[in-house]
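S.K.: Predicted model follows, preceded by the sequence.
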Amino acid sequence: MALLEVDHLDIRFPLRHDEIRAVRDVSFALERGERLGIVGESGAGKSVLAFSLLKLLSRPGYIAGGRVRFEGRELTTLSDRQLRRIRGNRVAMIFQDPLTTLNPALTIGRQMIESLKAHRRISERRARAIALHKLRQVQVSSPEQRFEQYPHQLSGGLCQRVVIAIALLLDPDIIIADEPTTALDVTIQAEIIALLTQLCDKHNVGLIVISHELGVIGQLTQRLLVMYAGRIVEQGPTREIINDAQHPYTQGLINALPQMTLPRQRLAQIPGNMPSLARVPDGCAFHPRCRYRFTPQGRLRQACVERVPEAVSSGGSRVACHWVRELITTVPIEEEAI
């Protein structure tokens, strides 16, 4: 049994005369100690998916279908009181901006002590000892001094380390990190990536990382989910996907990386924009931007605009594309098959 199992998850936001399906039929599993990445452009549904795992969706969003099981226990049916025993305790979250996560009116130490006391009956002295130990664990310099400081007195990199230390306070089984290296310079990014990798390997913690930066995901994770317009379009081992992407959207993301372009050449980009989740195209949501939607003879492939593709195995990944096998083998598709 996997540590976390997500089956056919469907998340919706009601509108006055309609509703938005922000996450559509998403399924995946996370093993203990595994590092899983979720990547995609802004608006793909990555953060909504992450928040839904602990029922942290902003109203009026709700889980319309599917299941989320943690160690075999269904989370979607639990009350807020029951979830409180899991949130922060068994499953911790690192939010995108550490400066907005931390309370500016409280010292670092007071915030860590209150986090511990919210979940455990513990003395002030013992809570302080645990907090200082966690600050040392995430390599915060001069932890006794930082303990008495306020968030605005720390650099962005130190604030991110403090947020990670708070996530580790109760020795969780899973950490969900939403853009954990955003707004950090390259050197600090590398340090945070190394720190998270070390912590997961040493303490057998499962990690889910949400990011739009494939470079970060490639260094930090072992398995990868690629999302587009609320669906998973490709999933598999991170290294295999980056070295041999199967879905046209994943190929576009990788080709857009600066290191994939020669000096003085224009950066490659995927034409068009991510569709609004309120107006997702019929069929394959990526087809308006996909260069493979036409046959070699210039005819539109009807399956792309009429049917949602099912995931098939290809090159070590599971890929949601009607034509992935033909595209990989470069065998011309007969018009009768369209």
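M.R.: The structure has been received and is ready for your questions. Residues are numbered from 1 along each chain as shown.
S.K.: Am I right that residue 216 is in contact with residue 181?
M.R.: Yes. Proximity of residue 216 to residue 181 meets the contact threshold set by CB atoms under 8 Å, at 5.4 Å. Placement of C-beta: from N, CA and C, glycine included.
S.K.: now the stretch 201-338 of the chain, which segments are flagged as low pLDDT?
M.R.: 327-338 (pLDDT under 70).
S.K.: ranges for the strands of it?
M.R.: Under the criterion DSSP state E, counting those that start in this stretch, strands of the stretch 201-338 of the chain are mapped to 206-211, 223-228, 231-237, 311-314, 317-320.
S.K.: Pull up the pairing partners for the second one, direction included.
M.R.: Put plainly, it is strand 223-228. Strand 223-228 has its sheet partners listed here by DSSP bridges as strand 35-39 (parallel), strand 231-237 (antiparallel).
S.K.: swap in the last one?
M.R.: Using DSSP bridges, the neighbouring strands of strand 317-320 in the sheet come out as strand 231-237 (antiparallel), strand 311-314 (antiparallel).
S.K.: Can you pull the phi and psi angles for residue 19?
M.R.: Note on residue 19: backbone dihedrals following degrees, to the nearest 10 are phi -150, psi 150.
S.K.: which residue packs closest to it, ignoring adjacent ones?
M.R.: Closest residue to residue 19 apart from its sequence neighbours, by CB to CB, 6 or more residues apart in numbering: residue 12 at 4.9 Å.
S.K.: Kindly provide the distance from that neighbour to residue 226.
M.R.: The gap separating residue 12 from residue 226 is 22 Å, by CB to CB, to the nearest Å.
S.K.: Who has more neighbours out of the two?
M.R.: Higher neighbour count among residue 12 and residue 226: residue 226, with 27 against 20, using other CB atoms under 10 Å.
S.K.: quick one, what contacts the nearest residue in space to that one that is not next to it in sequence?
M.R.: Distances taken as CB to CB, 6+ apart place residue 234 nearest to residue 226, at 4.3 Å, with adjacent residues excluded. Applying CB atoms under 8 Å, 6 or more residues apart in numbering to residue 234 gives the contacts 224-226, 241, 245-247, 249-250, 317-320.
S.K.: Including distance to residue 86, could these go into CSV?
M.R.: What follows is the contacts of residue 234, written out as CSV (distance: CB to CB, whole Å):
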residue, distance to residue 86
224, 26
225, 22
226, 28
241, 30
245, 35
246, 35
247, 33
249, 33
250, 32
317, 31
318, 28
319, 33
320, 31
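S.K.: just the buried members of the residues you listed?
M.R.: By neighbour count, with 16 or more other CB atoms under 10 Å, the contacts of residue 234 hold 224-226, 241, 245-247, 249-250, 317-320 as buried.
S.K.: Closest one to residue 77 out of those residues, please.
M.R.: residue 225 (24.3 Å; CB to CB).
S.K.: Next, name the residue at the spatial heart of the protein.
M.R.: The residue lying closest to the centre of the chain (CA atoms, centre = their mean) is residue 210, at 2.3 Å.
S.K.: What residues are recorded as beta-bridge partners of it?
M.R.: According to DSSP bridges, the partner residues bridging residue 210 are residue 38, residue 178.
S.K.: That one and residue 50 touch, don't they?
M.R.: Yes. Here residue 210 reaches residue 50: they are 5.3 Å apart, a contact under CB under 8 Å.
S.K.: residues shared between the contacts of the two?
M.R.: With CB under 8 Å, 6+ apart, residue 210 and residue 50 have common neighbours 38, 176, 178.
S.K.: How much space separates residue 229 from residue 42?
M.R.: Distance from residue 229 to residue 42, by CB to CB: 12 Å.
S.K.: quick one: which of the two has more around it?
M.R.: Legend: neighbour count by other CB under 10 Å for residue 229 and residue 42, higher for residue 229 (24 against 9).
S.K.: check contacts around the more buried one.
M.R.: So residue 229 contacts 24, 43, 44, 45, 274, 275, 277, 280, 285, 286 (CB under 8 Å, 6+ apart).
S.K.: same thing with residue 176?
M.R.: Here residue 176 is in contact with 50, 53, 54, 91, 92, 93, 94, 208, 210 (CB under 8 Å, 6+ apart).
S.K.: what about 6 Å?
M.R.: Shown in contact with residue 176 (CB atoms under 6 Å, 6 or more residues apart in numbering): 50, 93, 208.
S.K.: ok so, going back, with distance to residue 166 as extra columns, can I get the strands paired with strand 317-320 in TSV?
M.R.: What follows is the strands paired with strand 317-320, written out as TSV (distance: least, CB to CB, whole Å):
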stretch	distance to residue 166
strand 231-237	30
strand 311-314	37
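S.K.: Would you mind finding the longest helix in the protein?
M.R.: In the chain, with assignment by DSSP state H, the single longest helix is helix 186-203.
S.K.: you'd agree residue 192 is up against residue 181?
M.R.: Yes. Using CB atoms under 6 Å, residue 192 is in contact with residue 181, at 5.4 Å.
S.K.: Between the two, which has more neighbouring residues?
M.R.: Neighbour totals were compared for residue 192 and residue 181, and residue 181 leads with 25 against 21 (other CB under 10 Å).
S.K.: Now do stretch 149-164, average pLDDT.
M.R.: The average pLDDT within stretch 149-164 is 92.
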